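Asks: Fold the following, please.
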Amino acid sequence: MSLNSRTLDLTDLSNLEYKEKLDFQIGRNSPAEQELKEIATKIVETYLSVIQLITQADEPVPVPDLNVNLSDCYQFKDNRSLHEYYSNLNPVEEQCAQEIDELGYD
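Replies: Numbering: from 1, shown residues only. Sure thing, here's the model as predicted:
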C-alpha cells in the first residue's frame with residue numbers, strides 16, 4: 001500500500017509551509033482549502049485502490065441477539081431489520097433508523 005508521503009504533514013505545524021497555510025481559518029477558495037482537497041482526494045483514491053472486500057457466503061456467522069429495553073425501543077416496520085427491536089438509540093441513530101425504515105427496503 002502506498003500513501004501520499006505528505007498525508008500526515010498537516011498535523012505537523014512545525015512545518016513552515018503548513019504553519020503559514022493553516023495559521024488562519026480556511027476560507028472558501030483559499031490556497032489551504034485547495035491543498036487540503038487535493039490531499040484528501042489522494043487519500044480516498046489510495047484507499048479505494050487498495051481496499052479489498054472479502055466475503056464468505058458458504059460459512060455465514062449468525063448475528064447474536066441484543067438485550068433490548070422494550071419500554072423504550074424502536075421497531076422497524078414489517079421486520080425489515082436484522083433485529084426486531086432496537087433500544088438505547090441516541091437521537092441521531094433513531095432519526096437515521098426512521099429514515100431508513102421509510103425507504104421501505106427489505
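Asks: Can you show me the helices along the chain?
Replies: Assigned by DSSP state H, the helices in the chain fall at 16-22, 31-50, 91-103.
Asks: Any chance of CSV for these, columns distance to residue 72 and mean pLDDT?
Replies: All C-beta atoms are positioned from the backbone trio N, CA, C, and that covers glycine. Formatted as CSV, those follow (distance: least, C-beta to C-beta, whole Å; pLDDT from 0 to 100):
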stretch, distance to residue 72, mean pLDDT
helix 16-22, 44, 67
helix 31-50, 38, 88
helix 91-103, 10, 84
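Asks: Which of the ones you listed sits closest to residue 61?
Replies: helix 91-103 (22.7 Å; C-beta to C-beta).
Asks: Can you tell me which helices and strands the closest one packs against?
Replies: Judged by 3 or more C-beta pairs under 8 Å, 6 or more residues apart in numbering; DSSP states H and E, helix 91-103 is in contact with strand 73-75.
Asks: Could you check how far the residue of the chain most remote from its centre is from residue 74?
Replies: Distance from the C-alpha centroid of the chain peaks at residue 16, with 31.3 Å (C-alpha atoms, centre = their mean). For residue 16, the distance to residue 74 equals 52 Å [C-beta to C-beta, to the nearest Å].
Asks: Next, find the distance separating residue 77 from residue 93.
Replies: 17 Å.
Asks: Quick check: the residue farthest from the centre of the chain vs residue 34, distance?
Replies: From residue 16 to residue 34 the distance is 19 Å (C-beta to C-beta).
Asks: Equivalent analysis for residue 96, please.
Replies: In terms of C-beta to C-beta, residue 96 sits 32 Å off from residue 34.
Asks: ok, now residue 98?
Replies: 38 Å.
Asks: beta partners for residue 74?
Replies: residue 86 (DSSP bridges).
Asks: Contacts only, for it.
Replies: Applying C-beta atoms under 8 Å, 6 or more residues apart in numbering to residue 74 gives the contacts 85, 86, 87, 89, 94, 97, 98.
Asks: Find the centremost residue of the protein, please.
Replies: Using C-alpha atoms, centre = their mean, the most central residue of the chain is residue 44, at 12.4 Å.
Asks: Good, wrapping up.
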